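Colleague: coordinates for the following, if possible.
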Amino acid sequence: MKVDAFDFDLPARFIAQRPVSPRDAARLLAVGEKLRDLTISDLPSLVKEGDVMVFNDARVIPARLVGKRGDAKVEVTLHMRRTAGIWRAFARPARKLKVGGRIVFAGDFAARVTAKGEAGGVTLDFECAEDDLIAALARLGALPLPPYIKRHGLADGRDREDYQTIYADRPGAVAAPTAGLHFTPQLLAALDRRGVEQVKVTLNVGAGTFLPVKSETLEEHRMHAEWGEISAGAAAAINAARDAGGRIVVAGSTSLRLLETAADERGHLAPFTGETDIFMTPGYRFKIADAMVTNFHLPRSTLFMLVAAFAGLERMRAAYAHAIDARYRFFSYGDACLLERSATS
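Modeller: Residues are numbered from 1 along each chain as shown. Next up is the predicted model:
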């Protein structure tokens with residue numbers, strides 16, 4: 001299938017640079033047999049007792065660093081931990097970095113390049129213990145905002161709060177599970193009163209989520225891998241809800257990718273720890289999720305391909321055209337949609 005099928009024109013003025021406040025005042029486009037313009041605070045009225053909502057509790061770490069290779073400036077964004085002190089990263093500029101070369105971020109904080117890959121990818125071995133690395137990132141790092149969020153320099157103080165879900169718990173992500181940015185304590189309490197169980201899973205979203213699809217066809221694209229975990233308790237809660245006739249509603253594409261990785265063909269979920277590089281495109285048969293809350297995604301992106309697979313390509317084209325006409329706000333700090341799974345998915 002051609003990647004061009006997932007292209008659309010989006011005027012830059014619709015790309016949100018800051019979130020709305022409060023978070024649950026963002027708009028929500030309900031996408032089913034018809035389109036309905038709502039707000040996130042309407043979500044409890046769209047679910048029912050016995051449903052389960054699945055959230056990604058990954059916490060974004062300040063993974064963007066600025067260092068020196070000799071006298072030359074180098075920007076580094078960590079995107080996947082391999083082992084203690086060893087991370088895959090994107091570096092800019094990367095072409096002058098050599099295997100064995102050293103990047104100094106502060107007098108007591110440096111890393112050595114142990115491998116180079118494609119698209120500016122490198123592997124870095126930090127010259128410190130893991131606890132010292134986390135402390136150094138907190139001191140010297142910045143949140144790695146998506147490239148379409150424009151700042152004068154690094155992420156600012158507002159971003160440190162805005163670009164983190166209120167239930168973020170497990171550090172390791174370098175991009176936020178952005179559907180979760182809309183949830184407030186009041187909204188979670190309303191879901192609880194509705195009788196909707198809330199289950200947490202973890203997928204450490206990587207910077208690879210922002211990489212463009214450069215191939216001409218979906219079949220040629222190589223999906224980036226991300227680390228995730230589903231506990232035995234989370235799997236049991238989701239299985240019990242399905243067995244009792246409840247719906248599984250996922251908050252975000254990251255939660256969906258993890259569940260689909262761990263589910264068997266019968267839709268039974270097993271505990272899971274490991275990496276996933278699942279790539280869901282039209283024709284994929286979903287095994288577990290019935291509905292999803294997700295933000296509006298970039299054209300030609302793997303995320304737009306995922307929602308097209310879930311709700312139907314023509315339905316999503318119509319929904320996005322409506323969202324543009326109705327001046328919805330797009331991407332990480334933008335508005336959201338609630339998608340019902342297509343009967344053919």
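Colleague: tally of neighbours for Ala111?
Modeller: Using other Cβ atoms under 10 Å, Ala111 has 26 neighbouring residues. Backbone N, C-alpha and C define where each C-beta goes, glycine included.
Colleague: please apply the same query to Glu265.
Modeller: Neighbours of Glu265 using other Cβ under 10 Å come to 7.
Colleague: contacts only, for it.
Modeller: Applying Cβ atoms under 8 Å, 6 or more residues apart in numbering, we find Glu265 in contact with Lys287.
Colleague: ok, Val199 next?
Modeller: Listed by Cβ under 8 Å, 6+ apart, the contact set of Val199 reads 52-55, 234, 237-238.
Colleague: what residues sit buried inside the lengthiest strand in the chain?
Modeller: Counting residues, the longest strand found in the chain (DSSP state E) is strand 72-83. Within strand 72-83, the residues that count as buried by 16 or more other Cβ atoms under 10 Å are 74-81.
Colleague: which of the contacts of Val199 fall in helices?
Modeller: Among the contacts of Val199, the members falling in helices (DSSP state H) are 234, 237-238.
Colleague: of these - the most surrounded one?
Modeller: Counting by other Cβ under 10 Å, top hit in those: Ile238 with 27 neighbours.
Colleague: confidence score at the closest residue to Leu124 other than its chain neighbours?
Modeller: Spatially, and ignoring its direct neighbours in sequence, Leu124 is nearest to Ala111 (4.1 Å; Cβ to Cβ, 6 or more residues apart in numbering). pLDDT recorded at Ala111 is 96.
Colleague: equivalent analysis for the one 5 residues further on, please.
Modeller: Per-residue pLDDT puts Lys116 at 94.
Colleague: same question for Gly208.
Modeller: The predicted local confidence for Gly208 is 69.
Colleague: and which of the buried residues of strand 72-83 is nearest to Leu140?
Modeller: Val76 (10.9 Å; Cβ to Cβ).
Colleague: wait, is Leu133 part of a helix?
Modeller: Yes. Under DSSP: H, G, I helix; E, B strand; the rest coil, Leu133 sits within a helix.
Colleague: check contacts around it.
Modeller: Leu133 neighbours (Cβ under 8 Å, 6+ apart): 85, 126.
Colleague: and what of the one 10 residues further on?
Modeller: Neighbour list for Leu143: 60, 62-64, 154-155, 159-160, 163 [criterion: Cβ under 8 Å, 6+ apart].
Colleague: from Ala179, how far out is it?
Modeller: 18 Å (Cβ to Cβ, to the nearest Å).
Colleague: the helix or strand hosting the residue nearest to Leu124 versus strand 72-83: what angle between them?
Modeller: Using DSSP states H and E, Ala111 falls within strand 109-116. For strand 109-116 against strand 72-83, the angle by axes from the mean of the first three to the mean of the last three Cα atoms, to 10 degrees is 80 degrees.
Colleague: what is the burial count for the nearest residue to Gln164 once chain neighbours are set aside?
Modeller: For Gln164, ignoring the flanking residues on the chain, the nearest one in space by Cβ to Cβ, 6+ apart is Val60 at 5.7 Å. As a burial measure, Val60 scores 24 neighbours (other Cβ under 10 Å).
Colleague: likewise for Arg193?
Modeller: Arg193: 10 surrounding residues under other Cβ under 10 Å.
Colleague: Glu226 now?
Modeller: Neighbours of Glu226 under the rule other Cβ under 10 Å: 26.
Colleague: go on, Pro147?
Modeller: Using other Cβ under 10 Å, Pro147 has 8 neighbouring residues.
Colleague: doesn't it belong to a helix?
Modeller: No. Using three-state DSSP, the secondary structure at Pro147 is coil, not a helix.
Colleague: please enumerate the helices of this protein.
Modeller: 130-140, 157-162, 185-193, 232-243, 253-262, 302-311, 313-325.
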